[in-house]
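Undergrad: 3D model of this:
(one chain, ligands or ions: 1)
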Amino acid sequence: MAINEIKKVGIIGAGTMGAGIAQVAALAGLEVIIFDLASEALKKGENQIKNNLAKGVEKGKLTVEDSVKALNRIVFTHSIRDLICDIIIEAVVEKLDVKIDILKQLEIQNDKECILATNTSSIPITKIASGLTRPEYLIGMHFFNPAHIMKLVEIIKGADTKEIVVEVVKNLSLSMGKTPVMVRDAPGFVVNRVARHFYVESLKVLEEGVADHESIDQLLESYGFKMGPFKLMDLIGVDTNHSVTQRMFESFYYDPKFRPSRIQQQKVDAGHWGRKTGKGFYEY
Ligand code: NAI
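TA: Okay, here's the model as predicted:
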């Protein structure tokens, strides 16, 4: 298999990450089909792509012609059966059973050499692969938020992932203008594992009343971080960030250093998920 054989990319989930990944794939000249169960999410994803492309034109980063061409390369669908592709990138909620169910369905309806990639932030690839018939074709392709801007993509090989699949996905990432970096399979891989403490410790500081969230953000930004932890959680999605911490806490055998926060749990319960719901630690 060669990179020039990858023509059609499927994306599952039109949320924060799926929409951004669809955009970069379309800009790279690939045919894209994006699926979401929720009509509202699909519409929101389409608007997110249109707005980002318009901003790109405004900033002189791409021409109107290129942005129109990219948009025309994307098909939005409610039917998973439409996803017959060369590679499918999964970007749905951070839940093992949901991811396995979807990937199993994709294995059945696609060619046996179709590559399945997961954008999971924290679940080991080998764990997801254990629920599949063709674990050799599953790989981790971990994009960062915002996906149309951040260059880094962690590429994670599961215990059974074929070498050719790794090569194809590395080349695909390069063709999307990304910087692929190989990491070993472990909960949270590298970036999320190290960065977890940025969120978890900041939430502990908040819980203990040492400072409020605005002050914590201001202090860390003054220290040199581009975004404070609470602004970043709102960008990521408070619900997604909390799920990732929960998965990592379990995966590291309940090591207290990954303990999730009650304050964050309450935000999740209240539907204060950050920018995507208009309210998180801040209001939008
Ligand atoms: P999100 O909550 O913004 O979007 C998830 C989308 O999946 C929603 O539109 C939802 O309707 C859809 N969905 C849920 N179940 C589905 C199903 N069974 N079939 C089809 N669509 C379904 O989530 P987000 O933030 O985009 O995260 C997606 C994945 O990407 C997660 O695994 C997350 O850990 C990972 N990730 C998230 C990052 C972030 O900063 N938000 C960064 C890197 C990875």
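Undergrad: Please count neighbours and contacts with C-alpha atoms only from this point.
TA: Noted.
Undergrad: which strands and helices sit next to the helix or strand hosting I263?
TA: Using DSSP states H and E, I263 falls within helix 262-270. Contacts defined by 3 or more Cα pairs under 8 Å, 6 or more residues apart in numbering; DSSP states H and E place helix 262-270 against helix 191-207, helix 238-251.
Undergrad: Give me the below-cutoff pLDDT ranges for the stretch 101-250 of the chain.
TA: Of all residues in the stretch 101-250 of the chain, none has pLDDT under 70.
Undergrad: Spell out, range by range, the strands that occur in it.
TA: Applying DSSP state E, counting those that start in this stretch to the stretch 101-250 of the chain gives strands spanning 115-118, 138-143, 152-157, 179-183.
Undergrad: Which among those strands is found nearest to G29?
TA: strand 179-183 (17.7 Å; Cα to Cα).
Undergrad: In three-state terms, label the closest residue to N110 other than its chain neighbours for me.
TA: Excluding its sequence neighbours, the residue lying closest to N110 (Cα to Cα, 6 or more residues apart in numbering) is I84, at 5.6 Å. Following DSSP: H, G, I helix; E, B strand; the rest coil, the label given to I84 is coil.
Undergrad: again with the one 5 residues further on
TA: Here I89 takes the strand state, with states given by three-state DSSP.
Undergrad: bridging residues for it?
TA: The partner list for I89 in beta bridges (DSSP bridges) reads I11, A117.
Undergrad: Now do the same contact list for it.
TA: 9-12, 116-119, 141 (Cα atoms under 8 Å, 6 or more residues apart in numbering).
Undergrad: separation between the residue nearest to N110 and the ligand?
TA: Noted for I84: a distance of 15 Å to the ligand, by Cα to the nearest ligand atom, to the nearest Å.
Undergrad: What is the neighbour count of that residue?
TA: Applying other Cα atoms under 10 Å, we find 18 residues neighbouring I84.
Undergrad: quick one on the thing from earlier: relative to L103, which of the helices and strands packed on helix 262-270 is closest?
TA: That would be, of these and by Cα to Cα, helix 238-251, which comes in at 19.2 Å.
Undergrad: and that closest one, how far from the chain's centre?
TA: When C-alpha coordinates are averaged (Cα atoms, centre = their mean, to the nearest Å), helix 238-251 and its chain have centres 14 Å apart.
Undergrad: Remind me what that helix packs against, helices and strands.
TA: helix 262-270.
Undergrad: hmm, the helix it packs on touching the ligand?
TA: No: Helix 262-270 does not reach the ligand (Cα under 6 Å from any ligand atom); its nearest approach is 11.7 Å.
Undergrad: Could you list the buried residues of that helix?
TA: Within helix 262-270, the residues scored as buried using 16 or more other Cα atoms under 10 Å are 264-265, 267-268.
Undergrad: picking that back up, now tabulate the helices and strands packed on helix 262-270 in a markdown table and tack on mean neighbour count and distance to L42.
TA: Below are these laid out as a markdown table (neighbours: other Cα atoms under 10 Å; distance: least, Cα to Cα, whole Å):
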| stretch | mean neighbour count | distance to L42 |
| --- | --- | --- |
| helix 191-207 | 17 | 27 |
| helix 238-251 | 21 | 18 |
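Undergrad: Switch those over to JSON lines; also include distance to the ligand.
TA: Listed next are these as JSON lines, based on distance: least, Cα to the nearest ligand atom, whole Å:
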{"stretch": "helix 191-207", "distance to the ligand": "9"}
{"stretch": "helix 238-251", "distance to the ligand": "6"}
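Undergrad: With distance to N171 added, can I get the ones you listed in CSV?
TA: Compiled in CSV, the helices and strands packed on helix 262-270 are given as follows (distance: least, Cα to Cα, whole Å):
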stretch, distance to N171
helix 191-207, 21
helix 238-251, 28
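Undergrad: That's all I had, so thanks and see you.
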